[in-house]
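S.K.: test case, fold it:
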Amino acid sequence: MPYMKGAGPSVVIALGGNALGNTPQEQLELVKNTARHIVDMVAEGINVIVTH
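M.R.: Modelled structure (predicted):
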């Protein structure tokens, strides 16, 4: 699916290093929490760019 920028503001989210946790369980919980926030931003019309 091609990217189509919406009319809302844009944000860049950089994930890496400590943001991703140290253990597999910690990583899973942190990614789940982060994904919820990203979904909320997209639902509000914010253009989200995620980078590592």
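S.K.: which ones are touching the closest residue to residue 9 other than its chain neighbours?
M.R.: Leaving out its chain neighbours, the residue that sits closest to residue 9 by CB to CB, 6 or more residues apart in numbering is residue 46, at 5.8 Å. C-beta coordinates here come from the backbone N, C-alpha and C atoms, glycine included. Shown in contact with residue 46 (CB atoms under 8 Å, 6 or more residues apart in numbering): 8, 9, 10, 11.
S.K.: which of these scores worst on pLDDT?
M.R.: Note: of those, the lowest pLDDT belongs to residue 8, at 91.
S.K.: just to be sure, that residue is in a helix?
M.R.: No - with DSSP: H, G, I helix; E, B strand; the rest coil as the criterion, residue 8 is assigned coil and is not in a helix.
S.K.: circling back: next, give phi and psi for the residue nearest to residue 9.
M.R.: phi -80, psi 140 (degrees, to the nearest 10).
S.K.: distance of it relative to residue 21?
M.R.: Distance check for residue 46 against residue 21: by CB to CB, to the nearest Å, it reads 25 Å.
S.K.: check which helix or strand covers the residue nearest the centre of the chain.
M.R.: Per CA atoms, centre = their mean, the C-alpha nearest to the average position across the chain is that of residue 38, at 4.4 Å. Secondary structure assigned from DSSP states H and E places residue 38 in helix 24-43.
S.K.: how about the closest residue to residue 50 other than its chain neighbours, secondary structure?
M.R.: In this structure, residue 50 finds its nearest non-sequential neighbour in residue 13, 4.9 Å apart by CB to CB, 6+ apart. Under three-state DSSP, the three-state class of residue 13 is strand.
S.K.: correct me, but residue 13 touches residue 47?
M.R.: No - contact criterion CB atoms under 8 Å: residue 13 and residue 47 do not qualify, at 11.1 Å.
S.K.: measure the residue located most distally from the centre of the chain to residue 3 for me?
M.R.: Here the chain reaches farthest from its C-alpha mean at residue 23, the gap being 19.6 Å by CA atoms, centre = their mean. In this view, residue 23 and residue 3 are 33 Å apart by CB to CB.
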